[in-house]
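S.K.: structure for this input, please:
(2 chains)
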Number of protein chains: 2
Amino acid sequence: MYIKNPMQIENKSMDIIDEVMGDVSFSPEETIVVKRMIHTTGDFEYRKIIDFKENFMEEALKTIKSGATIYTDTRMAYMGINKPALEKANCQLKCFIDDERVFKLSKELQTTRSSCAVDLAVEEGADIFVIGNAPTALFRLLELVDMGKVNPKLIIGVPVGFVGASESKEALRDYKIPQISTIGNKGGSNVAASIVNALLYMVVGR
Amino acid sequence: MYIKNPMQIENKSMDIIDEVMGDVSFSPEETIVVKRMIHTTGDFEYRKIIDFKENFMEEALKTIKSGATIYTDTRMAYMGINKPALEKANCQLKCFIDDERVFKLSKELQTTRSSCAVDLAVEEGADIFVIGNAPTALFRLLELVDMGKVNPKLIIGVPVGFVGASESKEALRDYKIPQISTIGNKGGSNVAASIVNALLYMVVGR
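M.R.: Here you go, the predicted model:
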């Protein structure tokens, strides 16, 4: 026999994750986010590579409580975010990766769609930028910050991979913007979504 | 400056991953799948925990070439699968996790939606079962196999987590069904999608 009740499964998972959290020091609220990232990946190593900066938790909860517009770089992250919780929190979700304009622009500029989609997000306005996949999206976002075109309230920066991901997150950590990122290659759309969900659940309940 | 060309990024990533593949022994075709799983997670450890069984590669390519119906347990895996490649391969994608009938049934039976969605998938018919998230979905699929209700051509079994995930994949490995799984806690919807994409690209090109 196996456990079939969804909340029982989740609670038991969180208890198991608790057992390995003794060797890291996060605030109680940060711990909730870290545990959900581990829960999503099955990977205990996350506890060692997550970096919160510039008062992330406080700013994150404040921003979500005020009904934020959340931008995701991929449809996977978009789909992974809990819609009832999002609605309860009165937040909006945007993704432009499959927008006609982005397809066109990326061909013209010979760059990634992820990067062009960020330009569009900045044009249309977003409070929280969630980058779970493409380093180019995070690099582009930082360029737009440098140009003074956007001032994100929050950046969730967890692009994944071996070409630029680590560097893009390192670059992010030099900015005085409330942020969470991972050190090294790991990350992903699922990880990005798990961070947003952890924050939403803290505001509207599970 | 950073690399902006999508195929350049991907190729460079795959070259970097190649460098760590010397200590494992997969067939050249299996290697393509393993590398895409690492590419998706940023996690080199995957090369040590992936298990192919019952002639997986040959059966996978044959099944996809014949225009398979592919079932995914989550919308995240669904979204992560490359749609142009899917279309080129003449394959169908199905997911029932947000189906009205599944919401209803899971409340009645006090079990996960993931599990109920598998029942529906078996009823409606699928060739390839892609389970990236819920152990309960994989356990349920194996129950339906035991009952003689379904005979999957292929199982992609990579549920993630600490409650049942490892056990469900261990159970899967006792079945004489062409399959890929991971040993231990790791897996996920992104990993599941990456496996399907690797197979699709082998059939229809990148």
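
S.K.: give me the number of residues near A:D99?
M.R.: Residues near A:D99, counting by other Cβ atoms under 10 Å in any protein chain shown, number 17. (C-beta placed from N, C-alpha, C; glycine too.)

S.K.: would you map the strands across chain A?
M.R.: Using DSSP state E, the strands found in chain A span residues A:50-53, A:69-72, A:92-94, A:128-131, A:154-157, A:179-182.

S.K.: so how far is the first one off the chain centroid?
M.R.: Translated: strand A:50-53. Its chain's C-alpha centre and that of strand A:50-53 lie 12 Å apart, by Cα atoms, centre = their mean, to the nearest Å.

S.K.: what is that strand packed up against?
M.R.: Counting contacts by 3 or more Cβ pairs under 8 Å, 6 or more residues apart in numbering or on different chains; DSSP states H and E, strand A:50-53 is packed against helix A:28-41, strand A:179-182.

S.K.: quick one: closest of the ones you listed to chain B.
M.R.: Closest to chain B of the helices and strands packed on strand A:50-53 is helix A:28-41 (Cβ to the nearest Cβ; 6.3 Å).

S.K.: looking at the closest one now, give me its mean pLDDT.
M.R.: Helix A:28-41 carries an average pLDDT of 98.

S.K.: what about the longest helix in chain A?
M.R.: As assigned by DSSP state H, the longest helix anywhere in chain A is helix A:189-204.

S.K.: got the CA coordinates for that one in CSV?
M.R.: C-alpha atoms of helix A:189-204 as CSV (Å, rounded to 0.1, in the frame of the first residue of the first chain):
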residue,chain,number,x,y,z
SER,A,189,11.2,26.1,-14.8
ASN,A,190,10.0,23.7,-12.1
VAL,A,191,12.2,25.3,-9.5
ALA,A,192,11.0,28.7,-10.5
ALA,A,193,7.4,27.7,-10.2
SER,A,194,8.0,26.1,-6.8
ILE,A,195,9.4,29.4,-5.5
VAL,A,196,6.3,31.4,-6.7
ASN,A,197,4.0,28.7,-5.2
ALA,A,198,5.8,28.8,-1.8
LEU,A,199,5.3,32.5,-1.7
LEU,A,200,1.6,32.3,-2.8
TYR,A,201,0.8,29.7,-0.2
MET,A,202,2.4,31.8,2.5
VAL,A,203,0.0,34.6,1.5
VAL,A,204,-3.2,32.8,0.8
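
S.K.: returning to that earlier point: a markdown table please, covering the helices and strands packed on strand A:50-53 and showing mean neighbour count and distance to B:R206.
M.R.: Output for the helices and strands packed on strand A:50-53, formatted as a markdown table (neighbours: other Cβ atoms under 10 Å in any protein chain shown; distance: least, Cβ to Cβ, whole Å):
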| stretch | mean neighbour count | distance to B:R206 |
| --- | --- | --- |
| helix A:28-41 | 21 | 26 |
| strand A:179-182 | 24 | 27 |
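
S.K.: between those, which gets nearest to A:T63?
M.R.: strand A:179-182 (12.2 Å; Cβ to Cβ).

S.K.: ok, which of the helices and strands packed on strand A:50-53 comes nearest B:F26?
M.R.: Using Cβ to Cβ, the nearest of the helices and strands packed on strand A:50-53 to B:F26 is helix A:28-41, at 22.6 Å.

S.K.: contact partners of that closest one?
M.R.: Applying Cβ atoms under 8 Å, 6 or more residues apart in numbering or on different chains, the external contacts of helix A:28-41 come out as A:10, A:13-14, A:17-18, A:21, A:24, A:26, A:44, A:46-47, A:50, A:52, A:56-57, A:61, A:180, A:186, A:188, A:190-191, A:193-195, A:197-199, A:202, B:41, B:160-162, B:186, B:188.

S.K.: mind checking how far A:L93 is from A:V122?
M.R.: Remark: distance between A:L93 and A:V122 (Cβ to Cβ, to the nearest Å) = 16 Å.

S.K.: ok, now which ones touch the residue lying closest to A:C91 once chain neighbours are set aside?
M.R.: Spatial nearest neighbour of A:C91, excluding adjacent residues (Cβ to Cβ, 6 or more residues apart in numbering or on different chains): A:A68 at 5.0 Å. Neighbouring residues of A:A68 by Cβ under 8 Å, 6+ apart: A:C91, A:Q92, A:D127, A:I128, A:K153, A:L154.

S.K.: now do the contacts for A:K12.
M.R.: Per Cβ under 8 Å, 6+ apart, neighbours of A:K12: A:I3, B:F162, B:V163.

S.K.: how close does it sit to A:K94?
M.R.: Distance of A:K12 to A:K94, given as Cβ to Cβ: 35 Å.
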